[in-house]
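**Q** okay, here's the prediction I keep looking at, along with the sequence it came from:
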Amino acid sequence: APIPNKRRLYLQELQPKSVFHTFFSIFRATALPAGIMAGLLLFVATGFAANNSQPGQHLFTVKKSFEKTSLIFTPEDEKGLARLAITEKRLAEAQQALADPNSDAKSTTAALEELASQTNDTISDVQKVASSKQLGASEVSLLNSLAEITKKQEVLVNSIKPLTDSEAQSNAEVAKETKIASENIRELIA
């Protein structure tokens, strides 16, 4: 027989179970796996939405974080190509933002700023490689691709007609960064 303070629990176990109690016990057993599945589904949905996000949107920071994490695990000899691929994505996003008649000035400015930032990061990676060793054929082709991207970037920046002074100032800064990036690429190629 159970001890006196446990008799009540023992008697409850002996009583027939109600439908609600049976359902609740099944629910309790499936709550953890269902919660894990819901969390995974939410994670995948957020990742998909972040992958399709554009500069200036809230999930774009998640996309950039994923790209930075993937760069950490990229071998050193392939980082330049990985950064170039990201730079090409930024160029496509900027072109899309400028071509979309529904996009506002904030999103186009954000897209151009992200493109300039990514281009500078790629150039700095190539400069690190160039300072540590002689540039090979793959690095030269990478620099030529970057030169093409900066030319397209200059065309994009010059095609924007800013509406406000802050937009004009931001576009001028992006144009200045693009010009510096082009000069850095020319110096590396030379």
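**A** Yes, it's here.
**Q** what's near enough to touch Ala181?
**A** The contact partners of Ala181, by Cβ atoms under 8 Å, 6 or more residues apart in numbering, come to 116, 119-120, 123, 146, 150, 153. Using the backbone N, CA and C atoms, a C-beta is placed for each residue, glycine as well.
**Q** now do the worst-scoring helix or strand of the chain on mean pLDDT: distance to the chain's middle.
**A** Comparing helices and strands within the chain by mean pLDDT, DSSP states H and E singles out helix 165-189 as the least confident, with a mean of 74. From the chain centre to the centre of helix 165-189 is a distance of 23 Å (Cα atoms, centre = their mean, to the nearest Å).
**Q** for that helix, buried residues please.
**A** In terms of neighbour count (16 or more other Cβ atoms under 10 Å), helix 165-189 has its buried residues at 167, 170-171, 174-175, 177-178, 181-182, 184-185, 188.
**Q** circling back to that earlier point, just the ones in helices from the contacts of Ala181, please.
**A** Per DSSP state H, helices hold the following members of these: 116, 119-120, 123, 146, 150, 153.
**Q** in what helix or strand does Val157 lie?
**A** Taking DSSP states H and E as the definition, Val157 sits inside helix 137-159.
**Q** OK, contacts around the residue sitting nearest the centre point of the chain?
**A** When Cα atoms, centre = their mean is applied to the chain, the residue found nearest the centroid is Lys63 (1.8 Å). Residues near Lys63 by Cβ under 8 Å, 6+ apart: 50-51, 53.
**Q** next up, the contacts around Val126.
**A** Per Cβ under 8 Å, 6+ apart, neighbours of Val126: 80, 139, 142-143, 146, 188.
**Q** for the residues you listed, which one is nearest Pro101?
**A** Minimum distance to Pro101 across those is 29.8 Å, recorded for Leu146 (Cβ to Cβ).
**Q** could I get the contacting residues of the residue lying closest to Glu177 once chain neighbours are set aside?
**A** In this structure, Glu177 finds its nearest non-sequential neighbour in Ala116, 4.4 Å apart by Cβ to Cβ, 6 or more residues apart in numbering. By Cβ under 8 Å, 6+ apart, the residues touching Ala116 are 153, 174, 177-178, 181.
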